[in-house]
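1. Requesting a structural model of the entry that follows:
(2 chains)
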Amino acid sequence: MLTFYGKSFISRLLIGTALYPSPAIMQEAIRASGAEIVTVSLRREAAGGRAGESFWSLVRELNVTVLPNTAGCRSARDAVTTARLARELFGTQWIKLEVIADDETLQPDPVGLLEAAALLIRDGFAVFPYCTEDLGVAMRLRDLGCRVVMPWAAPIGSARGLVNREALKLLRARLPDVTLVIDAGLGAPSHAAAALELGYDAVLLNTAVAKAADPVAMARAFRLGVQAGRTAFEAGLMGPRDFASPSTPVVGTPFWHAVS
Amino acid sequence: MRLIVNGESIEARAARLDALLDELHYLGGHYAIAVNDDVVPRARWAQTALSEGDTIEILTPRQGG
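-> Numbers count the residues shown, from 1 in each chain, chains lettered A, B, ... in the order given. Model (predicted):
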């Protein structure tokens, strides 16, 4: 069973709440995904506005665990303040920590990320840091007290899948006790399956489902992809070989003549 | 008094945070508020005095990835 900071879950798919064609499709897609954890954000509310309240009532109807993010923060200071506001608003210590270095690639800022993670852990938060596949940064996050680390597969919304597969494999091998979640960059259920086959504990995605022609069907496909990948990992995948090895028995092959 | 609310400069009469929410017609209460980057828990809204030039962020839940 999957555990995040002492809380257990069955589903290994975490899903975002953004970019769906309509609120009803968002709800239906999240239900179809089987996800038990959804990501949300905080934004300014205009005077007299009710957008936040109506969105929040839709999320509450789903009866899921909420993981607020610090999306859009470009400094440790902004991320820490946003996390504290999220704790107040959502009543949770959980925070998906994003500190962004570059607007074009949404590449995480490792310096700001480590600084913010240290401050938030000291403040009692359960930090889910969004990072790259860099092993050094991931190890530092673990050493600070992050029991979950969430490397990207590829830039957010890019749908490119596991771009640096070898580095992600290395991360899994070197951090056996950390809960590892692939966060961002997945485009197809096969990408999710590949992440789980590598031994990643879960995947977090949003755009690939929300922007599909049929988000509800795609949510179901990702659910199956995640299940297939995890089942394959538990079953134990064979390693690749350089040459062919016949699967049909050779003994008793008809018309076979020994070459002398 | 001049305040910056969600990035916009406004002129307000309210002297306390709860009165400012009323004055600006913020209804309901599912907000998280920071005054000058410090989070003010809901229980302290009524006791939080505002000063000229304060920066106030009023946030609600939104879609996120």
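
2. Bridged to the residue lying closest to A:Leu89 once chain neighbours are set aside, which residues?
-> Spatial nearest neighbour of A:Leu89, chain neighbours left out: B:Ala32 (3.8 Å); criterion: Cβ to Cβ, 6 or more residues apart in numbering or on different chains. Yep, even glycine has a C-beta here, placed from its N, CA and C like the rest. With DSSP bridges applied, B:Ala32 shows beta-bridge pairing to B:Leu59.

3. tell me the contacts of B:Ala32?
-> A:42, A:85-86, A:88-89, B:39, B:59-60 (Cβ atoms under 8 Å, 6 or more residues apart in numbering or on different chains).

4. how does it look with 10 Å?
-> A:42, A:45, A:52, A:68, A:82, A:84-90, B:39-42, B:57-61 (Cβ atoms under 10 Å, 6 or more residues apart in numbering or on different chains).

5. Can you select the buried ones among the residues you listed for me in PyMOL?
-> Buried members of those can be picked out in PyMOL with the line below, counting by 16 or more other Cβ atoms under 10 Å in any protein chain shown:
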select buried, (chain A and resi 42+45+52+68+82+84+85+86+87+88+89+90) or (chain B and resi 39+40+57+58+59+60+61)
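
6. Is A:Gly157 part of a helix or strand, or is it coil?
-> coil (DSSP: H, G, I helix; E, B strand; the rest coil).

7. OK, contacts around it?
-> Counting by Cβ under 10 Å, 6+ apart, the residues that A:Gly157 touches are A:19, A:106, A:184-185, A:187, A:205-208, A:210-211, B:65.

8. out of the residues you listed, which are buried?
-> By 16+ other Cβ under 10 Å, those give A:106, A:184-185, A:187, A:205-208, A:210, B:65 as buried.

9. when you check those residues against the strands, which ones overlap?
-> Of those, the ones assigned to strands by DSSP state E are A:Leu205.

10. ok, of the buried ones among the contacts of A:Gly157, which one's closest to A:Leu196?
-> Nearest to A:Leu196 among those is A:Leu205, at 12.4 Å by Cβ to Cβ.

11. How far off centre is stretch A:223-239?
-> 16 Å (Cα atoms, centre = their mean, to the nearest Å).

12. ok, so what distance separates the nearest residue to B:Glu23 once chain neighbours are set aside from chain A?
-> In this structure, B:Glu23 finds its nearest non-sequential neighbour in B:Ala14, 4.7 Å apart by Cβ to Cβ, 6+ apart. The spacing between B:Ala14 and chain A, counted by Cβ to the nearest Cβ, to the nearest Å, is 12 Å.

13. returning to that earlier point: can the contacts of A:Gly157 go into JSON lines with extra columns for distance to A:Val163?
-> JSON lines is the format used below for those (distance: Cβ to Cβ, whole Å):
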{"residue": "A:Leu19", "distance to A:Val163": "21"}
{"residue": "A:Leu106", "distance to A:Val163": "14"}
{"residue": "A:Ala184", "distance to A:Val163": "11"}
{"residue": "A:Gly185", "distance to A:Val163": "7"}
{"residue": "A:Gly187", "distance to A:Val163": "11"}
{"residue": "A:Leu205", "distance to A:Val163": "15"}
{"residue": "A:Asn206", "distance to A:Val163": "18"}
{"residue": "A:Thr207", "distance to A:Val163": "16"}
{"residue": "A:Ala208", "distance to A:Val163": "15"}
{"residue": "A:Ala210", "distance to A:Val163": "21"}
{"residue": "A:Lys211", "distance to A:Val163": "19"}
{"residue": "B:Gly65", "distance to A:Val163": "18"}
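
14. Which single one of those is nearest to A:Pro129?
-> A:Ala184 (12.3 Å).

15. Write out the residues of chain B neighbouring chain A.
-> Listed as neighbours of chain A in chain B under the rule Cβ under 10 Å from any Cβ of the partner chain: B:5-8, B:10, B:20-21, B:23-34, B:37-42, B:57-65.

16. Could you list which of those residues belong to helices?
-> B:20-21, B:23 (DSSP state H).

17. Put the buried members of the residues you listed into a PyMOL selection.
-> Buried subset of these, written as a PyMOL selection, criterion 16+ other Cβ under 10 Å:
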select buried, chain B and resi 20+21
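
18. Pipe the ones in helices among the residues of chain B next to chain A into TSV and attach pLDDT per row.
-> Below are these laid out as TSV (pLDDT from 0 to 100):
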residue	pLDDT
B:Leu20	96
B:Leu21	95
B:Glu23	95
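
19. isn't the residue nearest to B:Glu23 right next to B:His25, touching?
-> No - using Cβ atoms under 10 Å, B:Ala14 is not in contact with B:His25; the gap is 11.9 Å.

20. Neighbour count: those two, which is higher?
-> Shown here are B:Ala14 and B:His25; by other Cβ atoms under 10 Å in any protein chain shown, B:Ala14 has more neighbours (15 against 10).
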